[in-house]
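Undergrad: Predicted model and sequence below, questions to follow.
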Amino acid sequence: MGQISQQTVLVPIGPTFATVFEAAALRVAYLHADWVLTWDATAIKITGPAGVDPADIRREIAYALYRERILAETMDMRRGLLALVQR
């Protein structure tokens, strides 16, 4: 059996996403089980099958980061609205 060709893409993470990048990386790992993600405070490194456009990989990471940040920033408002509805 031949080996599947792999590629690695490094996506830098800005400080504005420091509090959400781990949750975003975990979400992407769940959605793309064939990607291996590792991260530190400055970047997410994605290793996956060759043939996937690196721009698409970066777009997936950016989308997950923005989604997690919006969720985190609006959580207090969501809790407040839920409390009002549950009265």
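TA: Right, received. Where do you want to start?
Undergrad: who's in contact with Met77?
TA: If a contact means Cβ atoms under 8 Å, 6 or more residues apart in numbering, then Met77 has no contacts. C-betas here are computed from N, CA, C, even on glycine.
Undergrad: host element of it?
TA: Element membership for Met77 (DSSP states H and E) is helix 54-85.
Undergrad: Buried ones in that helix, by neighbour count?
TA: Within helix 54-85, the residues that count as buried by 16 or more other Cβ atoms under 10 Å are Ile57, Arg58, Glu60, Ile61, Ala64, Leu65, Glu68, Arg69.
Undergrad: do the same with stretch 24-44
TA: Using 16+ other Cβ under 10 Å as the burial criterion, the residues of stretch 24-44 that qualify are Ala24, Ala25, Arg27, Val28, His32, Trp35, Leu37, Trp39, Ile44.
Undergrad: And these, which two are furthest apart?
TA: Farthest apart among the buried residues of stretch 24-44 by Cβ to Cβ are His32 and Trp39. That separation is 14.4 Å.
Undergrad: pLDDT below threshold where in the chain?
TA: Applying pLDDT under 70 to the chain picks out residues 1-2.
Undergrad: gap between stretch 16-29 and the chain center?
TA: 5 Å (Cα atoms, centre = their mean, to the nearest Å).
Undergrad: same check, this time on stretch 25-37
TA: The answer for stretch 25-37 is 8 Å, by Cα atoms, centre = their mean.
Undergrad: outside of that stretch, which residues touch it?
TA: So stretch 25-37 is in contact with 39, 44-49, 57, 60-61, 64, 67-68, going by Cβ under 8 Å, 6+ apart.
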